[in-house]
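> Got a predicted model here, sequence first, then my questions.
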Amino acid sequence: MAVTSQQVTLYMSQRQQGQTQDVAAAKAGLSVSTARRLERRAESPEPPAPRQWRTRPDPFADVWGEVLVPQLAATPDLQALTLLEWLQEQFPGQYPDSLLRTLQRRVKGWRAAHGPDKEVMFPQTHGPGLRGLSDFTELKGIAITVAGQPLDHRLYHFRLAFSGWCHVRVVLGG
């Protein structure tokens, strides 16, 4: 059973209050050996190094490189569940459902290293009152006349980016 953070906190507080290691461990519901390990970890200035070895054999070692990677390369969108079901059809009784999470981790790692690139998007956020867009527009191909005479004009367009409020005004002349 794993040691909870509440047990560690209770143990450490009992030790700070002057209790012996045996008494503090009993009050926190820990074994004495676990209490010793906690104190060694608390005295160490650096966290323990992550392990670099496997704790159990890889269940997909036989089929990963020759069978699954070519399928992922051909169809990168395949889900791990689909691959597991296919393996269960091809090799009955060899790959139980309990290996799904392991296969999901392997597929995720493969996609990160060899899969298709992800689309990168940087959303633009415009706060209220921070950005306004302003532009002059000439209507090309459309003749506006007043009393038969062409109107020499431009349109001034202003828009607030956050709310979308806009204003247009006719500007006469240049």
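Now that the structure is in, tell me what you want to look at. Numbering: from 1, shown residues only.
> Going by C-alpha atoms from here, please, whenever you check contacts or count neighbours.
OK.
> So, low pLDDT: which residues of the protein?
Along the chain, the model assigns pLDDT under 70 to residues 1, 44-45, 174.
> Would you state the helices of it in chain order?
Here the chain has its helices, by DSSP state H, at 5-16, 21-28, 32-43, 69-74, 80-90, 100-114.
> would a markdown table of those helices with mean neighbour count be doable?
Formatted as a markdown table, these follow (neighbours: other C-alpha atoms under 10 Å):
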| stretch | mean neighbour count |
| --- | --- |
| helix 5-16 | 16 |
| helix 21-28 | 18 |
| helix 32-43 | 13 |
| helix 69-74 | 14 |
| helix 80-90 | 16 |
| helix 100-114 | 15 |
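> do you know which of these lies nearest L172?
Comparison of the helices of the chain against L172 by C-alpha to C-alpha identifies helix 100-114 as nearest, at 58.6 Å.
> can you count the residues close to the nearest residue to V168 once chain neighbours are set aside?
The shortest distance from V168 to any non-neighbouring residue, by C-alpha to C-alpha, 6 or more residues apart in numbering, is to H157 (4.5 Å). Using other C-alpha atoms under 10 Å, H157 has 15 neighbouring residues.
> Does H157 touch W165 like I think?
No. Counting by C-alpha atoms under 8 Å, H157 does not reach W165; the two are 10.7 Å apart.
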